[in-house]
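Asker: Give me a model of this one.
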Amino acid sequence: MEKAAPAGATILLLGLLALMLLLSPLRGAALAEDAGAAETAEFRVVFQGNDHLSDSDLQEAVAEELAGFAGSEYPEAKADDAAFLIESTYKKTGYAFVKAAYAIAADQDGPLLTFTIDEGPQVLVSSIVMAGNSTFSDKQLLSFFEENSSGLLGMGSLIFVESQIREAAAAIRDLYTGDGFLKVKIDGPALQFSEDRSRVEVRFTLDEGPRITVGAVRFQGDLLAEARGDLDKLAAELAGKPFLARRKLLLRSGVQEIYGNFGYPDVQTAIEEDRTPASSEVNLTCTITSGPPVIIAGIEVLGNSRTDREFILNRLALGPGDSFNSRKKRESFQRLFQTGLFSRVSLDLSPGARDDERILAVHLEESLAREVFAQVGWGSYELLRGSAGFQDRNIFGSGRVFRAELGGSVKSANAEAALRDPWIFGTDISADLPVFYRYREEPSFTTQETGLSLLFTRDLRKDLTVSLAYLYSSTNTKDITATEIDEPENDYTKASIKLQANLDTRNDIFFPTSGRRINTAAEVAEPALGSGLSFYRFNFGARQFYPVSKKNTLALRYTTGVIFPGRNQITIPIGERFFNGGENTVRSFSESELGPKDASGDPLGGMAYNVLNVELRRLLTDRLAASLFLDYGNVSPNLSPEEDSDGPFSDRQDVIDRTLRDYFSDFRPGLGAGLQYLLPVGPARLDFAWNPDQDRDREEDSFTVHFSIGMAF
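Answerer: Residues are numbered from 1 along each chain as shown. Next up, the predicted model:
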């Protein structure tokens, strides 16, 4: 048996990356005649005494300031400013007592500028003491200081950077004023250094002062009977809230929204404050001038050079003859902007023929609708991968989307063309019709699939989507190395109906630090739908991200799936089975290598699988992150027919029974660590995973290295 071994290519890639990194400093060193010297055509700069920061770090810090140094009329001023920048750079890394001196001397090659640096100790924060706080706990306030820590993965003591300490104090002041403590006083930081100056205690003393809140909210003037309930609700929402200047803005905008919803777009408000010096409450009186009720007399569309006018009118919630409504105006704006066809949308009212009539003017600025795109990636199994394509998001000015894409990798190839109507039949349901071809080499077989699908999708809310799809495909499975796969499984047609739902509240797609994603799907394939197979497939996945601190995130995932043969079918073709192991599942295994294998060691897959991941992620810099992870997963049934004492499957019920029997058994572990470099297209990820429970009978590897683009989950 010839097994795929992408690890060698990954190690080769890592070697090339390491060589590139090593060549950069070597090249810089080759250009320097002396240790600590940087040479240009006009002058030389020498750094002495710098152990913590390299010459290149300091060169970068002073490069702009020293530009034109040799020809400057005031070289001492430039050198003095450069010394200040050197001290500032050191202080950002915790060297609070650093001193940088300079000397300018003549040299045969020109001026020689020497910086002598006394680094002093790196200072760590031993403790931060908050006194006088009662509204917010110490834990809440101390969270503002978790910016720059020492130790492995940044999990050690806080590095003392005085500017960051003062920025945290300013943020705490904003926290208090935002909660109504307008007279809060924060004394500090008071700094107490240890005898060797390597540790410092930071102390703050707070005087919170009184909390100023909104008292009674009263309305007068043109009071509409139908608006009374909404006005009372608005007053109740504001009463007792911390008083800030924006509370008056919220009151004004709230009244405008209420009256606008009843057809009064020209409503005016005057708000007065009433507060006695001894009181901690501010009473607000709002005088309302309603203006006339307004009718929409007509619609004027401007700026639509490509987009059909009827399409735009269909996206509006207001039409000629309707009473003006602020909510519907806002809904119209959202509907137009969410099409993605316009870079700017504004809806304005202009005078009509009568005082109570207005023309709704829709001003648009169209975005580029056509685009050609290309992207490149890498995976530990697929190796180099990429795709390119064309998309028109506004074909014939109808708002419909056409997309064509070609993609491939060392192990796969695909082509797809799709037509999408985001608002089928004028509803909020989108319809997609993709036609596709897919080719992929798996460790134990190769598949070619041609098909199409019809997909209907509805956003129930911003973070919740449901879809219903009909899928039809013809699959050819070849190069099956597993000796226990029947020939009739090589070619088949599949027609199914699939229902799925997805909830996504993550704060970031590529590197989330909070929120969750939950997805579930049920799929049925039956001959009545045109299928040559009969099966029932169910999938469920959940991901949860907990922000442990500003830079630490605990990421959890559980995913599972099961497929059962339908009526008159005994087993499931290998191309429809579940496989486990790889860069995105259990990382101590290579692609699909977890689970039952035949006598030659080729993966057989199974009718069910489970994956559990626990990962602690730490943001080291703006671009670099590190992680520690535990992966745990299985495939069911977990024995090949030749390993199982019951032998091959006898009937459909036997498949179901054995799958459920092994559903939560024979889990395989993975422990490891990883590095991620955050790119605009997703993190470049390097994972090292160790298998602490290696099964030598199945030739499991003791460790695996994965390099890929994108997080595991």
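Asker: before we move on, what SS does Ala171 have?
Answerer: helix (DSSP: H, G, I helix; E, B strand; the rest coil).
Asker: sec struct for the nearest residue to it once chain neighbours are set aside, please.
Answerer: Nearest residue to Ala171, sequence neighbours excluded (Cβ to Cβ, 6 or more residues apart in numbering): Phe144, at 5.0 Å. (Each C-beta comes from the backbone N, C-alpha and C, glycine too.) Here Phe144 is recorded as helix under three-state DSSP.
Asker: burial count for Phe144?
Answerer: Phe144 is flanked by 19 other residues according to other Cβ atoms under 10 Å.
Asker: Looks like it contacts Ala168 (just checking).
Answerer: Yes: judged on Cβ atoms under 8 Å, Phe144 makes contact with Ala168 at a distance of 4.1 Å.
Asker: coming back round to it: which ones are touching the residue nearest to Ala171?
Answerer: Contact partners of Phe144, counting by Cβ atoms under 8 Å, 6 or more residues apart in numbering, are 168, 171-172, 175.
Asker: Check Ser409 too.
Answerer: Taking Cβ under 8 Å, 6+ apart as the criterion, Ser409 is in contact with 379, 382-386.
Asker: to the chain's geometric centre, what's the distance from stretch 135-150?
Answerer: Relative to the chain's own centre, stretch 135-150 is displaced by 24 Å; criterion: Cα atoms, centre = their mean, to the nearest Å.
Asker: what do you get for stretch 460-469?
Answerer: With Cα atoms, centre = their mean, you get 19 Å for stretch 460-469.
Asker: out of the contacts of Ser409, which are buried?
Answerer: Among the contacts of Ser409, those scoring as buried are 379, 382-383, 385 (criterion: 16 or more other Cβ atoms under 10 Å).
Asker: Dump these to CSV, plus pLDDT.
Answerer: Shown next, in CSV, are the buried ones among the contacts of Ser409 (pLDDT from 0 to 100):
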residue, pLDDT
Gly379, 92
Glu382, 93
Leu383, 94
Arg385, 94
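Asker: any idea how far the residue nearest to Ala171 is from Thr513?
Answerer: Distance from Phe144 to Thr513, counting by Cβ to Cβ, to the nearest Å: 17 Å.
Asker: ditto for Phe703
Answerer: 29 Å.
Asker: Which one's more surrounded, those two?
Answerer: The neighbour comparison of Phe703 against Thr513 (other Cβ under 10 Å) goes to Thr513, with 20 against 16.
Asker: Three-state assignment for the more buried one, please.
Answerer: Going by three-state DSSP: Thr513 is coil.
Asker: wait, doesn't it sit right on Val548?
Answerer: No: the pair Thr513 / Val548 is not scored as a contact, 9.3 Å apart, by Cβ under 8 Å.
Asker: Quick check: the residue nearest to Ala171 vs Met607, distance?
Answerer: Counting by Cβ to Cβ, the gap from Phe144 to Met607 is 51 Å.
Asker: Next, count neighbours for Gly180.
Answerer: Residues within reach of Gly180, counting by other Cβ under 10 Å, total 22.
Asker: Where is the longest strand in the chain?
Answerer: strand 445-461 (DSSP state E).
Asker: Show me what secondary structure element comes after that strand.
Answerer: Sequence order places strand 464-478 as the next helix or strand after strand 445-461, per DSSP states H and E.
Asker: Neighbouring strands of that next one in the sheet, and parallel or not?
Answerer: strand 445-461 (antiparallel), strand 491-504 (antiparallel) (DSSP bridges).
Asker: Name the residue closest to the centre of this protein, please.
Answerer: Ranked by distance to the mean C-alpha position of the chain (Cα atoms, centre = their mean), the top residue is Asp508 at 2.0 Å.
Asker: Could I get the full set of helices for the stretch 201-350 of the chain?
Answerer: All helices of the stretch 201-350 of the chain, identified by DSSP state H, counting those that start in this stretch, fall at 228-238, 245-261, 309-314, 326-337.
Asker: where does the protein dip in pLDDT?
Answerer: Residue ranges of the chain with pLDDT under 70: 1-41, 70, 147-155, 482-489.
Asker: Quickly list the domain ranges of it.
Answerer: Structural domains assigned to the chain are 32-118, 124-207, 213-289, 295-366, 370-709, following automatic domain parsing.
Asker: And the shortest one, end to end?
Answerer: The first residue of domain 295-366 is 28 Å away from its last residue (Cα to Cα, to the nearest Å).
Asker: Spit out the contact partners of the closest residue in space to Phe160 that isn't next to it in sequence.
Answerer: In space, and not counting its chain neighbours, Phe160 is closest to Val123: 4.0 Å by Cβ to Cβ, 6+ apart. Contact analysis of Val123 by Cβ under 8 Å, 6+ apart lists 94-97, 159-160, 193, 197-200.
Asker: Ok, Ala525 next?
Answerer: 494-496, 531, 533-537, 566.
Asker: what's across from the closest residue to it other than its chain neighbours in the sheet?
Answerer: Using Cβ to Cβ, 6+ apart and skipping residues adjacent in sequence, the residue nearest Ala525 is Ser496, 3.8 Å away. Beta-bridge partners recorded for Ser496 (DSSP bridges): Leu471, Ala525.
Asker: count of residues packed around Ser496?
Answerer: Count around Ser496 with other Cβ under 10 Å applied: 22.
Asker: please renumber so the chain begins at 855
Answerer: Fine by me, first position is 855 from now on; the one you just mentioned is Ser1350.
Asker: Hmm, it is touching Val1378, no?
Answerer: Yes: applying Cβ under 8 Å, one finds Ser1350 in contact with Val1378, separated by 6.0 Å.
Asker: before we move on, back to that, Gln1018: which of the helices of the stretch 1055-1204 of the chain is closest?
Answerer: Comparing those by their distance to Gln1018 (Cβ to Cβ), the top pick is helix 1099-1115, with 28.1 Å.
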